[in-house]
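Participant: here's my sequence, what's the structure:
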Amino acid sequence: MTPELFHEIERSGAAVDLSDRVKLRLKGADHVRYLNGQVTNDVRKALAGSAALHACVTNAKGRIEGDVFIHTPPEGDALCLDAEPVLKESLQARLDRYIVADDVELDDVSDEMCLWHFFGPAAENIDQHRQTESSYLVRNSRLGVAGVDLWFRRGLDAPSLKCRMLSAENMETLRIIRGIPRWPNELNGSAFPQEAGLESSAMDFSKGCYIGQEVLSRIKTTGKMPRVLVRWNLRSAEKIVIQQTNHVRLHARSEDGSPKEIGTVTSACVHPSLDRCMGLGYVRQGFEVAHSLLLADTDEPNIHHDVEIHRT
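Facilitator: Numbering: from 1, shown residues only. All right, here's what the predicted structure looks like:
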């Protein structure tokens, strides 16, 4: 992403094509009650005309099996979910598994509907009354700022744009800068929702039981969890690019000055305005208040750069 494009986005907003996301529709007399027992947020809040609801699907141990946005389409009597493309098979299989005697029908409508997201000032230019049998709008802050999702039937003429459409690469840079966790980098089968900073945006602790609820309520009560998601950035202005984060570790200095591994890098990019590397990562709880850490790029502590970290 160029500095010019970054400043344009900050000033005017933009749009992004999310049509490759998996899209599921639930119908049936029990669809609300059923889904409420599967996700971390209160599905009853996802009323027609309201904003999309962010939630996590968790397993019995409270770990994340997927994160979804949920809304009620204009026709009502249904719920629509969208999630990362890589979850297409596993998410539907996970939800199917718990439909036993429920009056619920779960359909994959990924190939039927397109999904564009508009955010920032660009979202204000979308006709807020645009609603037909083939297209509708849902408020959604999926990139950390006010925005709207435009759902429309595949095969229709795409709406004319009055703003820039971002590439997937530029959207990835933007979501890292804004500290938005994503599957599978930060959200995956080893993470709890609270570790990823989703307690206030994707969880409801008064909604009743759901799979994994007991574990997550205990974390809420004790405040104890293995890790915390943080944002980090290089202290120096030297420009480096981290292409693969798999073996990049975060270290703190021990009392004797030696490096002690305390976390991992999950996402990285070059900030287009600051022109230095930054990203997201997990550190052990208690280290999220550290002023400075060390960045290493191998399994052996081969220290390269000082970094600052901030809680997401």
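Participant: any weak-confidence spans in this protein?
Facilitator: 127-133, 237-240, 243, 298-305, 309 (pLDDT under 70).
Participant: what's the single longest strand in it?
Facilitator: Secondary structure of the chain per DSSP state E: the longest strand is strand 259-270.
Participant: which SS state does residue 8 fall under?
Facilitator: Using DSSP: H, G, I helix; E, B strand; the rest coil, the structure places residue 8 in helix.
Participant: and if you look at residue 173?
Facilitator: helix.
Participant: my guess is it meets residue 268, correct?
Facilitator: No. If you go by C-beta atoms under 8 Å, residue 173 and residue 268 don't touch, sitting 10.0 Å apart. The way it works is simple: take the backbone N, C-alpha and C, and place the C-beta from them, glycine included.
Participant: got the contact list for residue 208?
Facilitator: By C-beta atoms under 8 Å, 6 or more residues apart in numbering, the contact set of residue 208 is 36-37.
Participant: swap in 7 Å and give it another go.
Facilitator: residue 36 (C-beta atoms under 7 Å, 6 or more residues apart in numbering).
Participant: how about residue 146: what's its closest non-neighbour residue?
Facilitator: Counting by C-beta to C-beta, 6 or more residues apart in numbering, the nearest residue to residue 146 once its immediate chain neighbours are dropped is residue 123, at 6.2 Å.
Participant: may I see the buried residues of the helix or strand encompassing that neighbour?
Facilitator: Using DSSP states H and E, residue 123 sits in helix 121-124. Going by neighbour count (16 or more other C-beta atoms under 10 Å), the buried part of helix 121-124 is 121-123.
Participant: and of the residues you listed, the nearest to residue 141?
Facilitator: Comparing the buried residues of helix 121-124 against residue 141 with C-beta to C-beta places residue 123 closest, at 9.7 Å.
Participant: and residue 120, how many neighbours?
Facilitator: Counted with other C-beta atoms under 10 Å, residues neighbouring residue 120 total 18.
Participant: same check, this time on residue 258
Facilitator: Residues near residue 258, counting by other C-beta under 10 Å: 9.
Participant: separation between it and residue 48?
Facilitator: Distance from residue 258 to residue 48, counting by C-beta to C-beta, to the nearest Å: 58 Å.
Participant: got it, and residue 14?
Facilitator: 27 Å.
Participant: please say which of those two ends up with more neighbours.
Facilitator: Each of residue 14 and residue 48 has its neighbours counted (other C-beta under 10 Å); residue 14 has more, 25 against 14.
Participant: first-to-last residue distance for stretch 202-222?
Facilitator: End-to-end span of stretch 202-222 (C-alpha to C-alpha, to the nearest Å): 19 Å.
Participant: try stretch 37-44
Facilitator: The stretch stretch 37-44 measures 11 Å between its terminal residues, going by C-alpha to C-alpha.
Participant: and if you look at stretch 218-231?
Facilitator: 26 Å.
Participant: chain center to it, what's the gap?
Facilitator: Per C-alpha atoms, centre = their mean, to the nearest Å, the displacement of stretch 218-231 from the mean C-alpha position of its chain is 18 Å.
Participant: secondary structure element holding residue 233?
Facilitator: Residue 233 belongs to strand 227-234, assigned by DSSP H and E.
Participant: show me where the stretch 101-250 of the chain has its helices.
Facilitator: Per DSSP state H, counting those that start in this stretch, the stretch 101-250 of the chain carries helices over the ranges 121-124, 168-177, 199-202, 213-222.
Participant: looking at those, which is closest to residue 153?
Facilitator: The nearest among the helices of the stretch 101-250 of the chain, by C-beta to C-beta, is helix 121-124 at 21.0 Å.
Participant: what does the closest one rub up against?
Facilitator: 12-15, 146-148, 163.
Participant: quick check on these: which are buried?
Facilitator: For these, buried by 16+ other C-beta under 10 Å: 13-15, 146-148, 163.
Participant: dump the residues you listed to a markdown table, plus distance to residue 283.
Facilitator: Converted to a markdown table, the buried ones among the contacts of helix 121-124 look like this (distance: C-beta to C-beta, whole Å):
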| residue | distance to residue 283 |
| --- | --- |
| 13 | 32 |
| 14 | 31 |
| 15 | 34 |
| 146 | 30 |
| 147 | 30 |
| 148 | 35 |
| 163 | 37 |
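Participant: return the subset of those lying in strands.
Facilitator: 14-15, 147-148.
Participant: for residue 66, state which of those residues is nearest.
Facilitator: Of these, the one sitting nearest to residue 66 (C-beta to C-beta) turns out to be residue 147, at 21.1 Å.
Participant: hey, what's residue 56 bridged with?
Facilitator: The partner list for residue 56 in beta bridges (DSSP bridges) reads residue 67.
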